[in-house]
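1. model the structure of this input:
(2 chains)
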Amino acid sequence: MASQNLQSVPAELSPEEQEREAAGQAYFDRIISEDSRIEPRDWMPAAYRKTLLRQISQHAHSEIIGMQPEANWITRAPSLKRKSILMAKVQDEAGHGLYLYSAAETLGQSRDQMMEDLIAGKARYSSIFNYPTISWADMGAIGWLVDGAAICNQVPLCRASYGPYGRAMVRICKEESFHQRQGFEILLELANGTPAQKQMAQDAVNRWYAPSLMMFGPPDDDSPNSKQSMAWNIKRFSNDELRSRFVGMMVEQVRVLGLTLPDKDVRFNEETKKWEHGPLDWNEFKEVLAGRGPCNSQRVERRREAHENGAWVREAAVAYARKQAQKEHAA
Amino acid sequence: MTTKDTDFAIEGHGDISVGVHGAGASGDGSASATRITPGNALRPEDIALEISRGQVKPSEDVAEFALRIGDDGLILAQRLGHWISRAPELEEDIALGNIALDQLGHARSFLTYAGAAWGKSEDDLAYFRREHEFRSAHLFEQPNGDFAVTIARQFIVSFYQYELYTKLMESTDATLAAISAKAVKEVDYHRDHSAQWVLRLAGGTEESRERIIQGFKLVWPYVDELFEDDELTTRLAEASVAVQPSSLRAEFDRLTGEIMAEAELEIPGVPQSLGGGRRGKHSEFLGYILAEMQVLAREHPGASW
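-> This next block holds a predicted model:
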């Protein structure tokens, strides 16, 4: 099994420890082969733990950073109903961040540490949130395209082999489908509105289309971690497979909107039975990933500022809890 | 269903089955603005539906009054919404966001109802009125400041609103009573949230104590305005539609006083501001709040979103 190749047993282990490791590995391999679930207290290969921790914390960070481009329009939402929906949506994202940080904590890293890594620029999050939201229609395009892509990615993760992650994803996916519907509804309303509104909607779709396709990650032949993640039943479908499915869904839905996808090469390949899209600018993807997107430093700075401005509040809460505990102890 | 929910259920309307049909995005008629049904919270859309059917229409006085409390909630929601993605903890992003959402929800209901007197929608009122046409009290437009200022403001607001909505539940105006019955349950949580934080900040570190003391100093000048009576409230009180704001003061003082005492905080001895929000006289802050809130809607007058 592929996982065993990554596990080198350190030489200094005692015979008993070596035996425990071997038994743990055998158990793990059986669970994976049965497509069952690994739980926090189960033995797991160090590389499996590391991969999951990276993926779940990146996912959590994406939720938290992803609040910013949408929070950008809460105060300017053009109707009170939309304002209310948008607030609820951004609030859901904070909730998703919380579930995911909790799931990651079961792998042995504290939320504080993950937050420190994010602020220090050591941790990654979905690159798409480094693009600016410059019009109201971006709220629609993010819901429809970005959350739509996230759903395609995340529905299979509900079956991820790591229990806490899979279970967190079940709840997250339910809320994400609401998010996608509200995004679609925003665009539908704009597309059927005044010419200026329709133009606003098309412009947003034009800008968010390619970045949302790139959310599935690099092409399969350039995705070094995918194979191992699939062997571990974390990932169920390849990046290109998911991307193609997503394109197929968008082709259908964009017709209902009365808008167009900014991609003249979209087509259904009768031979492969898969949807194909035009070339994507992977160079730009790498640039943004490397920190040279339009909003990278702004997003991390906002998180840093919120975290540091809030330090005295968190300290106060801890100090108060300690004093209360002392009082109870004394009583 | 909790015991508390049943306290507000009006006899004979406990039809929980309507909740099943209540999932649509717009008013569906199975809910009623004049009754509270468990599992089917009163929504602004339901009120709008009753208005469109000619089932409810506020008097001029009731509309003016609904405008006041609707504007309070709207302006506060606008302020609180700014915290989302900036709070000291993720849990507080969620909590402050929730309070903002509740305030916005109440505002939408009150403004929808008020607008019925003048043929205006909640959005007409929110987006196409100018500063002097807003009726919110000054407290609601005060800047967020740091977390302590926001908590101090919320503490005053929640205890005031709790007293107000509790009394309005007995209003002879069925719609005001119904909106208030829903709102009071939510505001009860806001009271708890802000009181807990007042205690934590006052009893936490030296810095947090300094900050909450300073926070209260900044917002306390705007307390008296909340409890001012005027001709409108006098007429409404006589008709048992509302109560005189001054009649809410004793209970507000008692309950906030208990928390302040437990937190070992003094009521700040700061002069009270003249206020005037109920007459359309506002501070410098409101103009900026409206500029931001209204900009997009005003770029596209008549558009639907």
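2. can you show me the helices along the stretch 1-150 of chain A?
-> Ranges of helices in the stretch 1-150 of chain A, per DSSP state H, counting those that start in this stretch, are A:2-6, A:15-33, A:46-71, A:80-105, A:111-119, A:137-141, A:147-154.
3. nearest to A:Leu190, of those helices?
-> With Cβ to Cβ as the measure, helix A:137-141 is the member of the helices of the stretch 1-150 of chain A nearest A:Leu190 (5.6 Å). C-beta here means a position set from N, CA and C on the backbone, and glycine is covered the same way.
4. which residues are contacting the closest one?
-> When contacts are defined by Cβ atoms under 8 Å, 6 or more residues apart in numbering or on different chains, helix A:137-141 is touched by residues A:69-70, A:73, A:77, A:82, A:86, A:133, A:183-187, A:190, A:197, A:200-201, A:203-205, A:207-208.
5. would you mind giving the helices of the stretch 1-150 of chain A as JSON lines with mean pLDDT added?
-> JSON lines is the format used below for these (pLDDT from 0 to 100):
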{"stretch": "helix A:2-6", "mean pLDDT": "44"}
{"stretch": "helix A:15-33", "mean pLDDT": "93"}
{"stretch": "helix A:46-71", "mean pLDDT": "96"}
{"stretch": "helix A:80-105", "mean pLDDT": "96"}
{"stretch": "helix A:111-119", "mean pLDDT": "95"}
{"stretch": "helix A:137-141", "mean pLDDT": "98"}
{"stretch": "helix A:147-154", "mean pLDDT": "94"}
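6. buried deepest among these, which one?
-> Comparing the helices of the stretch 1-150 of chain A by mean neighbour count (mean count of other Cβ atoms under 10 Å in any protein chain shown), helix A:137-141 ranks first with a mean of 27.
7. pretty sure A:Pro45 contacts A:Gln25?
-> Yes: contact criterion Cβ atoms under 8 Å: A:Pro45 and A:Gln25 qualify, at 6.9 Å.
8. tell me the centre residue of the chain?
-> Reading this off chain A. With distances taken as Cα atoms, centre = their mean, A:His59 lies nearest the centre of chain A, 3.7 Å away.
9. not quite, go with chain B.
-> Nearest to the mean C-alpha position of chain B, by Cα atoms, centre = their mean, lies B:Gly73 at 3.6 Å.
10. do you know the pLDDT at that one?
-> Residue-level confidence at B:Gly73 comes out at 98, pLDDT.
11. in what helix or strand does it lie?
-> Per DSSP states H and E: B:Gly73 is located in helix B:60-81.
12. just how off-centre is that helix within its chain?
-> 7 Å (Cα atoms, centre = their mean, to the nearest Å).
13. buried residues in the helix or strand following that helix, which are they?
-> Sequence-wise, the next helix or strand downstream of helix B:60-81 (DSSP H and E) is helix B:90-115. Neighbour-count burial for helix B:90-115, with 16 or more other Cβ atoms under 10 Å in any protein chain shown as criterion, is recorded at B:90, B:92-115.
14. put the alpha carbons of stretch A:40-60 into PDB.
-> C-alpha atoms of stretch A:40-60 as PDB (Å, rounded to 0.1, in the frame of the first residue of the first chain):
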ATOM      1  CA  PRO A  40      -8.700  10.900  16.400                       C
ATOM      2  CA  ARG A  41      -7.400   8.200  18.900                       C
ATOM      3  CA  ASP A  42      -6.600   5.700  16.200                       C
ATOM      4  CA  TRP A  43      -3.100   5.000  15.100                       C
ATOM      5  CA  MET A  44      -2.300   6.800  11.900                       C
ATOM      6  CA  PRO A  45       0.800   7.300   9.800                       C
ATOM      7  CA  ALA A  46       2.600  10.500  10.500                       C
ATOM      8  CA  ALA A  47       2.300  11.600   6.900                       C
ATOM      9  CA  TYR A  48      -1.500  11.000   6.900                       C
ATOM     10  CA  ARG A  49      -1.800  13.200  10.000                       C
ATOM     11  CA  LYS A  50       0.400  15.800   8.400                       C
ATOM     12  CA  THR A  51      -1.500  15.800   5.100                       C
ATOM     13  CA  LEU A  52      -4.800  16.100   6.800                       C
ATOM     14  CA  LEU A  53      -3.700  18.800   9.200                       C
ATOM     15  CA  ARG A  54      -2.400  20.800   6.200                       C
ATOM     16  CA  GLN A  55      -5.600  20.300   4.200                       C
ATOM     17  CA  ILE A  56      -8.100  21.000   7.100                       C
ATOM     18  CA  SER A  57      -6.200  24.000   8.400                       C
ATOM     19  CA  GLN A  58      -5.900  25.500   4.900                       C
ATOM     20  CA  HIS A  59      -9.600  24.900   4.500                       C
ATOM     21  CA  ALA A  60     -10.300  26.600   7.800                       C
END
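15. give me the number of residues near the nearest residue to B:Leu232 once chain neighbours are set aside?
-> Leaving aside its sequence neighbours, B:Leu232 sits nearest to B:Glu64 (Cβ to Cβ, 6 or more residues apart in numbering or on different chains; 5.7 Å). By the criterion of other Cβ atoms under 10 Å in any protein chain shown, B:Glu64 has 18 neighbours.
16. got it, and A:Ala201?
-> Residues within reach of A:Ala201, counting by other Cβ under 10 Å, total 28.
17. what helix or strand does it sit in?
-> Here A:Ala201, judged by DSSP H and E, is contained in helix A:195-214.
18. hang on, B:Arg86 packs against A:Ala306?
-> Yes: B:Arg86 sits in contact with A:Ala306 when judged by Cβ under 8 Å, with a separation of 4.6 Å.
19. list the buried residues of stretch A:275-295.
-> For stretch A:275-295, by 16+ other Cβ under 10 Å, it's A:Trp275, A:Glu276, A:His277, A:Leu280, A:Phe285, A:Val288, A:Leu289, A:Gly293, A:Cys295.
20. tell me the spacing between the residue lying closest to the last one once chain neighbours are set aside and A:Lys235.
-> In other words, A:Cys295. Nearest-residue entry for A:Cys295: A:Asn130, 4.8 Å, with adjacent residues in sequence omitted and distances by Cβ to Cβ, 6+ apart. Using Cβ to Cβ, to the nearest Å, A:Asn130 is found at 23 Å from A:Lys235.
21. do the same with A:Pro156
-> Taken as Cβ to Cβ, the span from A:Pro156 to A:Lys235 is 7 Å.
22. repeat for A:Glu270
-> The gap separating A:Glu270 from A:Lys235 is 28 Å, by Cβ to Cβ.
23. of those two, give the one with the bigger neighbour count.
-> Using other Cβ under 10 Å as the criterion, A:Glu270 and A:Lys235 rank with A:Lys235 on top: 24 against 7.
24. what helix or strand is the more buried one on?
-> If you go by DSSP H and E, A:Lys235 is not part of any helix or strand.
25. quick check: nearest residue in space to it, chain neighbours excluded?
-> Nearest residue to A:Lys235 in three dimensions, chain neighbours excluded: A:Ser229, at 3.9 Å (Cβ to Cβ, 6+ apart).
26. now B:Thr256
-> B:Phe159 (5.1 Å).
27. cool, A:Glu70 as well?
-> A:Val90 (5.1 Å).
28. so which of the buried residues of stretch A:275-295 comes closest to B:Arg200?
-> A:Cys295 (34.0 Å).
29. does A:Val256 touch A:Glu185 like I think?
-> No: using Cβ under 8 Å, A:Val256 makes no contact with A:Glu185, being 11.1 Å away.
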